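Asker: Coordinates for the following, if possible.
(one chain, ligands or ions: 3)
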Amino acid sequence: MKTQVLDAISGRLRNKLFVKMRKFNRLALRFFLVGLVLPVVGWGQRINWQNQDLQKDSVFGISTEKAYDLVKGKKHKPVIVAVIDGGTDTAHEDLRAVLWVNPKEKPGNGVDDDHDGYIDDVHGWDFIGGKDSDVHYDNLELTRLVREQGPRFDTMKAGLVAASDTAAYAAYQRMEAEYVEAHQRVQETVEGIGRFKSIMDSMVLKMGKDSPTVADWEAFAPEGRGQQRVRQILVEQLKGGGSFRELVKEGIDAPLNHYQEELNYHYNLGYDPRYIVGDDYNNTGQRYYGNTDVTGPDALHGTHVAGIIGAVRGNGIGMDGVADDVRLMIIRVVPDGDERDKDVANGIRFAADHGAKVVNMSFGKGYAKDKPAVDSAVKYALSKDVLLVQAAGNDARDLDDPSNHNYPSRVYADGSGVAGAYIVVGASDRKDDSTLVAEFSNYGRTSVDVFAPGVGIYSCLPGSKYGEESGTSMASPVVTGLAALIREYYPKLTAGEVKDIILRSVVKPAHSVWVGNGQHRRLVTLDQISVSGGVVNAYRALELAGKK
Ligand SMILES: [Ca+2]
Ligand SMILES: [Ca+2]
Ligand SMILES: [Ca+2]
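Answerer: Residues are numbered from 1 along each chain as shown. Ligands and ions are numbered 1, 2, ... in the order given. Have a look, this model is predicted:
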């Protein structure tokens, strides 16, 4: 069981895009301060469960395998799917055959052969790379906004607030307070883990063993409360299995490293990597910058997402994507930190201009600098019959609550309405019981459309490897794959019709489910926390598409 605990912990840690999110921080904080305990998924590894069937396989998958029976022998057309993410391993053995190839662009000749403004854009584009390197880490948007707006409001701190600035100043103050609090929390976490480690190290030194066992720890006579507590936590954890060294690596060093990176980059007002890209950052309308390196320095998240959508089916290696005839267009806009609106907008436009019919967006953030730029790109994509799919986020929060944001949101900032062909996806788990909704998943009666499998999903990792990840980041590509599958076999359907089919064909559980966390945790029906009230289902969706 221990390796599962460790897998659960390290899986979350590696979930780079959502790892930065506030919910995760609290969860990991609890794990340290309350004793290294995370909820355990007790089912072990179950490859491909997201594509399995509730009746046949007793897991709440989306019945993809069964759905293929409905279209056996039916003609289908390849569908271009854009993966807007942190980079994807384009050399992966189970992905390279399904990559989009820009038909008129010759690779590596330094010439923009197809005259689209991007030189050598063969598999997509990297909007966060420059002439010499790529952006790996970036700030949170919160940090960037505090840095950007700080100077303007500094004078106002002296009491000189013009009437016309009162609202903006109040908003800035709230933002600054949130920044200070979050920064302090991360700082304290790093110090807390550091203290734990130094007490532990002194005890290990005294034992004189490199990797003490449970028996060694139990036999150790602690001096003082600090050592007592450390011993208690380590004994509890080691009793679950696994070695002391594994526990240190996955349960202590990895989180310590994560929080240290948050201090160094996410919350560091003095760190701004944008010079690497070399664009005129404040010129929102600028479109042509970046480089061809769509893999980037950390392709874990984007490779996993790509595999879920369309890893080659039935080739006897790796895993099977949901869709069987896609061309994955790789667009890199998400660093380790918050993505920037300008890049998100350009990523969506690139996808729309190059024929993508579905766009996956497994990312989100709590603040937005330039939402109108993203809104305008979304409207442009919708005008080209593109279906957008976004992860709901991992904060265990109600997105209908106006104080909870997960940008890019489909609600236009200028009050002009809500994007139509745009699906927001929460994460579900395997069992058809009250644990169906993933404990970390956001939800919302009007803000989240559907749920899809997003816990313990086995998919591609860089270097032709494979492994499990959890998050709404994994649920979104399940729905993206389903949308692509529908569009392959029913290419005449519009993006809006495909969304309608996906929402109308969900499976609604006959029981209540737990949502939220801590004191907000409560039992609800899926109707109360999503638009469709169910988990997407490929079989029922293709059945419905066939009747159109
Ligand atoms: Ca080009
Ligand atoms: Ca070229
Ligand atoms: Ca495969």
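
Asker: What segments of the stretch 251-400 of the chain are helices?
Answerer: 254-261, 300-310, 341-353, 371-383 (DSSP state H, counting those that start in this stretch).

Asker: Show the backbone phi and psi for the residue in the stretch 401-548 of the chain that ligand 2 sits nearest to.
Answerer: Closest to ligand 2 within the stretch 401-548 of the chain is Pro462: 25.2 Å, counting by CB to the ion. (Glycine included, C-beta is placed from N, CA and C.) With angles defined as degrees, to the nearest 10, Pro462 sits at phi -50, psi 150.

Asker: Check the spacing between the spatially closest residue to it that is not a sequence neighbour and Pro212 real quick.
Answerer: Leaving aside its chain neighbours, Pro462 sits nearest to Asp89 (4.1 Å; criterion: CB to CB, 6 or more residues apart in numbering). Using CB to CB, to the nearest Å, one gets 38 Å for the distance from Asp89 to Pro212.

Asker: Compare those two (neighbour count), which wins?
Answerer: Using other CB atoms under 10 Å, the more surrounded residue of Asp89 and Pro212 is Asp89, with 26 against 21.

Asker: Which strand or helix spans Val425?
Answerer: strand 422-428 (DSSP states H and E).

Asker: Val235 versus the residue sitting furthest away from the middle of the chain, what's the distance?
Answerer: Using CA atoms, centre = their mean, the residue of the chain lying farthest from its centre is Ala221. It sits 44.1 Å away. Distance, Ala221 to Val235, using CB to CB: 13 Å.

Asker: Up against ligand 1, what does the stretch 51-200 of the chain have?
Answerer: Residues of the stretch 51-200 of the chain found near ligand 1 (CB under 5 Å from the ion) are Glu105, Asp112, Asp114, Asp116, Tyr118, Asp121.

Asker: export the residues you listed to a markdown table and tack on secondary structure, distance to ligand 3 and pLDDT?
Answerer: A markdown table is the format used below for these (DSSP: H, G, I helix; E, B strand; the rest coil; distance: CB to the ion, whole Å; pLDDT from 0 to 100):
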| residue | secondary structure | distance to ligand 3 | pLDDT |
| --- | --- | --- | --- |
| Glu105 | coil | 27 | 98 |
| Asp112 | coil | 34 | 98 |
| Asp114 | coil | 30 | 97 |
| Asp116 | coil | 31 | 97 |
| Tyr118 | coil | 30 | 98 |
| Asp121 | coil | 26 | 98 |
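
Asker: Now restrict those residues to buried residues only.
Answerer: Glu105, Asp112, Asp116, Tyr118, Asp121 (16 or more other CB atoms under 10 Å).

Asker: Which is the succeeding secondary structure element to the longest helix along the chain?
Answerer: Using DSSP state H to define each element, the chain has its longest helix at helix 166-207. Where DSSP H and E defines the elements, the next helix or strand beyond helix 166-207 is helix 214-219.

Asker: Which strands or helices does the next helix or strand after that following helix pack on?
Answerer: Using DSSP H and E, the helix or strand that follows helix 214-219 in sequence is helix 224-239. If you count contacts as 3 or more CB pairs under 8 Å, 6 or more residues apart in numbering; DSSP states H and E, helix 224-239 packs onto helix 2-14, helix 166-207, helix 214-219.

Asker: mind listing what's buried in whichever helix or strand comes after helix 224-239?
Answerer: Sequence-wise, the next helix or strand downstream of helix 224-239 (DSSP H and E) is helix 244-246. Neighbour counts over helix 244-246 (16+ other CB under 10 Å) mark Phe244, Glu246 as buried.

Asker: now do stretch 518-532
Answerer: Neighbour counts over stretch 518-532 (16+ other CB under 10 Å) mark Val524, Leu526, Ile529, Ser530, Val531, Ser532 as buried.

Asker: Can you tell me, leaving aside adjacent residues, what's nearest to Leu54?
Answerer: Phe60 (5.4 Å).

Asker: does that neighbour sit in a helix, a strand or a coil?
Answerer: Per DSSP: H, G, I helix; E, B strand; the rest coil, the secondary structure class of Phe60 is coil.

Asker: and Leu388, how far is that from ligand 3?
Answerer: Between Leu388 and ligand 3 the computed distance is 26 Å (CB to the ion, to the nearest Å).

Asker: how close does that residue get to Gly86?
Answerer: 18 Å.

Asker: got it, and Ser470?
Answerer: 17 Å.

Asker: out of the helices of the stretch 251-400 of the chain, nearest to Ser434?
Answerer: Nearest to Ser434, of all the helices of the stretch 251-400 of the chain, is helix 300-310, at 25.4 Å by CB to CB.

Asker: as a whole number, average confidence for the closest one?
Answerer: The predicted model assigns helix 300-310 a mean pLDDT of 97.

Asker: CA atoms of that helix as CSV?
Answerer: Listed next in CSV are the C-alpha coordinates belonging to helix 300-310 (Å, rounded to 0.1, in the frame of the first residue of the first chain):
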residue,chain,number,x,y,z
LEU,A,300,5.5,15.6,-18.6
HIS,A,301,2.0,17.1,-18.4
GLY,A,302,1.5,17.8,-22.1
THR,A,303,2.7,14.3,-23.1
HIS,A,304,0.3,12.7,-20.6
VAL,A,305,-2.6,14.8,-21.8
ALA,A,306,-1.8,14.1,-25.5
GLY,A,307,-1.8,10.3,-24.8
ILE,A,308,-5.2,10.4,-23.2
ILE,A,309,-6.7,12.1,-26.3
GLY,A,310,-5.1,10.1,-29.0
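
Asker: chain center to it: distance?
Answerer: Distance of helix 300-310 from the chain centroid (CA atoms, centre = their mean, to the nearest Å) equals 11 Å.

Asker: got a pLDDT number for the spatially most central residue of the chain?
Answerer: In the chain, the residue lying closest to the centroid (CA atoms, centre = their mean) is Ser473, at 3.4 Å. For Ser473, the model assigns a pLDDT of 96.

Asker: That one reaches Asn360, doesn't it?
Answerer: No - Ser473 sits out of contact with Asn360 when judged by CB atoms under 8 Å, with a separation of 9.4 Å.

Asker: Show me whatever sits in contact with both of the two.
Answerer: Counting by CB atoms under 8 Å, 6 or more residues apart in numbering, the contacts common to Ser473 and Asn360 are Val305.

Asker: which residues does whichever residue of the stretch 351-500 of the chain sits closest to ligand 3 bridge with?
Answerer: Closest approach of the stretch 351-500 of the chain to ligand 3 (CB to the ion) occurs at Cys460, with a separation of 8.7 Å. Counting by DSSP bridges, Cys460 is bridged to Tyr466.

Asker: who are the neighbours in contact with it?
Answerer: Applying CB under 8 Å, 6+ apart, the residues near Cys460 are Asp89, His92, Asp94, Leu95, Thr303, His304, Ala306, Gly307, Ala311, Gly318, Met319, Tyr466.

Asker: mind running it again at 7 Å?
Answerer: If a contact means CB atoms under 7 Å, 6 or more residues apart in numbering, then Cys460 has His92, Asp94, Leu95, Thr303, His304, Ala306, Gly307, Ala311, Gly318, Met319, Tyr466 as its contacts.

Asker: same thing with Tyr265?
Answerer: Tyr265 touches Tyr137, Asp138, Asn139, Tyr271, Gly337, counting by CB under 7 Å, 6+ apart.

Asker: right, and the last one touches Glu141 too?
Answerer: It stands for Gly337. No - contact criterion CB atoms under 7 Å: Gly337 and Glu141 do not qualify, at 8.7 Å.

Asker: of all the buried residues of stretch 518-532, which comes closest to Thr284?
Answerer: The closest of these, once distances to Thr284 are taken by CB to CB, is Val531, at 31.0 Å.

Asker: Next up, phi/psi of the closest one, please.
Answerer: phi -70, psi -50.

Asker: now swap in Ile486 and tell me
Answerer: phi -60, psi -40.

Asker: residues contacting Asn537?
Answerer: Ile62, Ser63, Ser505, Val506, Val507.

Asker: which pair in those spans the largest distance?
Answerer: Taking CB to CB, no two of the contacts of Asn537 sit farther apart than Ser63 and Val506, at 11.4 Å.
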